[in-house]
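Peer 1: Fold the following and give me the result.
(one chain, ligands or ions: 1)
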Amino acid sequence: MLTESDNDVVVLGAGYAGVTAARELKALGYQVAVLEARDRIGGRVWTSELAGTKIEYGATWIHWFQPYVWAEFMRSGLSLHEDPWFPPITIHSNDGPRSMEFERFRQILVSAWNAFAQTSSDGHLIERPYHIEELKNSRELDALSVQNVIDSLDMSAEESVVFMAEIAVQMNAHPKDVSYLSQLRWWSAAGWDVALMIDCLARYKVDTGLSSLIDIMVERSELCVQLEKVVSKVERTEKGVRITTRCGETWSARKVVCALPMNCLQDVEFDPPLAREKIRLSEEEHAAKGMKVLFKTRGESAGHAIVAAPGDKPINLLNPIRVEGDDRLYVGFGVDGTAFDPNDLKEVNSVLSDLHPDLQAYACAGHEWHKDKFSRGTWHMPRMTQNTRIADAFDGPEGDVHFAGDYLGRGWMGFVDGAIESGMLAADEVHNGLVTTAESRSKVP
Ligand SMILES: Cc1cc2nc3c(=O)[nH]c(=O)nc-3n(C[C@H](O)[C@H](O)[C@H](O)COP(=O)(O)OP(=O)(O)OC[C@H]3O[C@@H](n4cnc5c(N)ncnc54)[C@H](O)[C@@H]3O)c2cc1C
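Peer 2: Numbering: from 1, shown residues only. Have a look, this model is predicted:
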């Protein structure tokens, strides 16, 4: 049985958070091992192909307002692809489908978002997105659901469909399940501006895919990631930590960076157990368990964008994102990941024909992240009270166990950017801890 003991740090998980933490620590001269459960790196970033076109099963878009991922992108030498804006839009409401000009759609979003986020001349609800104390002091906002706030607004039926559809897509969950603060944090990180926020969420992507960016990070830092190592136990020992995988292999090190999704912490045994609140949060899980489906059409005369409020249709927003000759690649999002099988062409076409008679796919794909035991959901989307409880519960390490992950991003929480930010900060925390220990040892006469 393999036993490795000469590491300074073991990093659990080779998503963007874990890879960043490992790279930073290796650059500081530490011996680092990275253990990853899957047979690939990237975690919730996974570039693949559908009928000859690059697709992203997970994260797709980045923006220069996301400082950590943008820095990686600029250094990588990769190029950017801009997704097209919406074609004519079909809105599905109680009165059936009807078309809407993009300008009207945009006006509704601007006024609805300003009302929702209570934008006023007195200032913004979250004035400083990276300020942890402001986050911790926002308990009242965190106790409300997105639905609570929508219900308090006087929206017309038309405004309600457009806003509910758009915000449901952002959350990948139903508005009744998500904290108001979760969405205010995105709004604040994007400078309290609707057009900018939407650009940050879904306009620019790495042309060769987000997997190619993390590949470069790993290659340049010569990180050695050990794949198919499912971590089952983390023990704190007198000398540091001991990690055991499901197959019984062990690694020991002075410190560990646990860069697993928050929803997956519950699957690892910690000895001594993690603070109860951490486990409770992981068991509650965040709310995003929705759908992302990709499909290709051929020979359509024009593209279609579809908007539908949650509950009415299994897809809330659908939009063509790449045109190649006669082919269009579409992406669609919905709040319920179990609504249909995104890999079953018959099921996908049955959903599409109900949205628009001209929509017919010849190929489709999607990864069911809610069923995936190494993610247990899509992007991190805190439920009511979870934003502030996470900020309290994960404020610093537990002994030699340090934490990183998109759920700890202070700015772009739930994004690749937030994952990288958390990896950087975790690496600093580990380094400071190791330096302090070394200094106190050197003082011993
Ligand atoms: C459908 C979808 C669309 C998204 N769209 C965007 C977008 O457009 N832009 C954006 O910025 N973000 C987007 N995101 C969010 C983004 O993917 C995540 O925020 C980010 O990738 C999280 O990185 P991470 O390192 O924190 O976690 P992960 O990427 O989840 O990495 C954690 C790693 O831990 C591993 N692991 C889990 N359990 C164990 C175990 N027991 N032992 C060992 N390893 C384990 C996992 O396999 C995984 O590799 C999207 C996510 C999804 C799913």
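Peer 1: Put the alpha carbons of whichever helix or strand residue 167 is part of into PDB.
Peer 2: Taking DSSP states H and E as the criterion, residue 167 maps to helix 157-171. In PDB, the C-alpha atoms belonging to helix 157-171 read as follows (Å, rounded to 0.1, in the frame of the first residue of the first chain):
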ATOM      1  CA  ALA A 157     -46.800  40.200 -15.300                       C
ATOM      2  CA  GLU A 158     -44.400  40.900 -18.200                       C
ATOM      3  CA  GLU A 159     -41.700  42.200 -15.900                       C
ATOM      4  CA  SER A 160     -42.100  39.300 -13.600                       C
ATOM      5  CA  VAL A 161     -41.600  36.700 -16.300                       C
ATOM      6  CA  VAL A 162     -38.400  38.400 -17.600                       C
ATOM      7  CA  PHE A 163     -36.900  39.000 -14.200                       C
ATOM      8  CA  MET A 164     -37.800  35.600 -12.700                       C
ATOM      9  CA  ALA A 165     -36.400  33.800 -15.700                       C
ATOM     10  CA  GLU A 166     -33.100  35.800 -15.700                       C
ATOM     11  CA  ILE A 167     -32.500  35.600 -12.000                       C
ATOM     12  CA  ALA A 168     -33.400  31.900 -11.900                       C
ATOM     13  CA  VAL A 169     -30.800  31.300 -14.500                       C
ATOM     14  CA  GLN A 170     -28.200  33.200 -12.400                       C
ATOM     15  CA  MET A 171     -29.100  31.100  -9.400                       C
END
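Peer 1: So which residues make contact with the helix or strand that it is followed by?
Peer 2: Later in the chain than helix 157-171, the nearest helix or strand by DSSP H and E is helix 180-189. The contact list for helix 180-189 (Cβ atoms under 8 Å, 6 or more residues apart in numbering) reads 65-66, 113, 116-117, 124-129, 135, 138, 141-142, 144-146, 148-149, 167, 170-171, 197, 200-201, 381-382, 386-388, 411-414. C-beta coordinates here come from the backbone N, C-alpha and C atoms, glycine included.
Peer 1: Smallest gap between the stretch 101-250 of the chain and the ligand, at which residue?
Peer 2: residue 231 (3.6 Å; Cβ to the nearest ligand atom).
Peer 1: For the ligand, tell me which of the contacts of helix 180-189 show up nearby.
Peer 2: residue 414 (Cβ under 6 Å from any ligand atom).
Peer 1: Output the set of residues of the stretch 201-350 of the chain in proximity to the ligand.
Peer 2: Checking the stretch 201-350 of the chain against the ligand by Cβ under 6 Å from any ligand atom, the hits are 230, 231, 259, 260, 261, 264, 267, 268, 292.
Peer 1: Quick check: of those residues, which has the highest neighbour count?
Peer 2: residue 259 (30 neighbours; other Cβ atoms under 10 Å).
Peer 1: Give the buried subset of the contacts of helix 180-189 as a PyMOL selection command.
Peer 2: In PyMOL, a selection of the buried entries from the contacts of helix 180-189 looks like this (16 or more other Cβ atoms under 10 Å):
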select buried, resi 65+66+113+116+117+124+125+126+129+135+138+141+142+144+145+146+149+167+170+171+197+200+201+381+382+386+387+388+411+412+413+414
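Peer 1: What about the contacts of helix 180-189, which are in helices?
Peer 2: Counting by DSSP state H, the part of the contacts of helix 180-189 found in helices is 113, 116, 135, 141-142, 146, 148-149, 167, 170-171, 197, 200-201, 386-388.
Peer 1: Could I get the buried residue list for the helix holding residue 167?
Peer 2: 158-171.
Peer 1: Including distance to residue 210 and pLDDT, could those residues go into TSV?
Peer 2: What follows is the buried residues of helix 157-171, written out as TSV (distance: Cβ to Cβ, whole Å; pLDDT from 0 to 100):
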residue	distance to residue 210	pLDDT
158	35	92
159	33	94
160	33	93
161	31	94
162	29	95
163	28	96
164	28	95
165	25	95
166	23	95
167	24	96
168	23	95
169	19	95
170	19	96
171	21	97
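Peer 1: Now do residue 389 against residue 126, distance only.
Peer 2: Plainly put, residue 389 is 17 Å away from residue 126 if you go by Cβ to Cβ, to the nearest Å.
Peer 1: Kindly export the helix or strand harbouring residue 307 (C-alpha atoms) in PDB.
Peer 2: Using DSSP H and E, residue 307 sits within strand 305-308. C-alpha atoms of strand 305-308 as PDB (Å, rounded to 0.1, in the frame of the first residue of the first chain):
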ATOM      1  CA  ALA A 305     -33.800  33.100 -27.600                       C
ATOM      2  CA  ILE A 306     -36.400  31.700 -25.200                       C
ATOM      3  CA  VAL A 307     -37.300  33.200 -21.800                       C
ATOM      4  CA  ALA A 308     -39.700  31.400 -19.400                       C
END
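Peer 1: Please, which helix or strand holds residue 330?
Peer 2: Per DSSP H and E: strand 327-334 holds residue 330.
Peer 1: angle of that strand against helix 157-171?
Peer 2: 100 degrees (axes from the mean of the first three to the mean of the last three Cα atoms, to 10 degrees).
Peer 1: Give me the sheet partners of strand 327-334 and which way each runs.
Peer 2: The pairing partners recorded for strand 327-334 under DSSP bridges are strand 291-298 (antiparallel), strand 317-324 (antiparallel).
Peer 1: Can you give me the buried ones in the following helix or strand past it?
Peer 2: Next helix or strand after strand 327-334 toward the C-terminus (DSSP H and E): helix 345-355. Buried positions in helix 345-355, judged by neighbour count with 16+ other Cβ under 10 Å: 345, 347, 348, 349, 351, 352, 354, 355.
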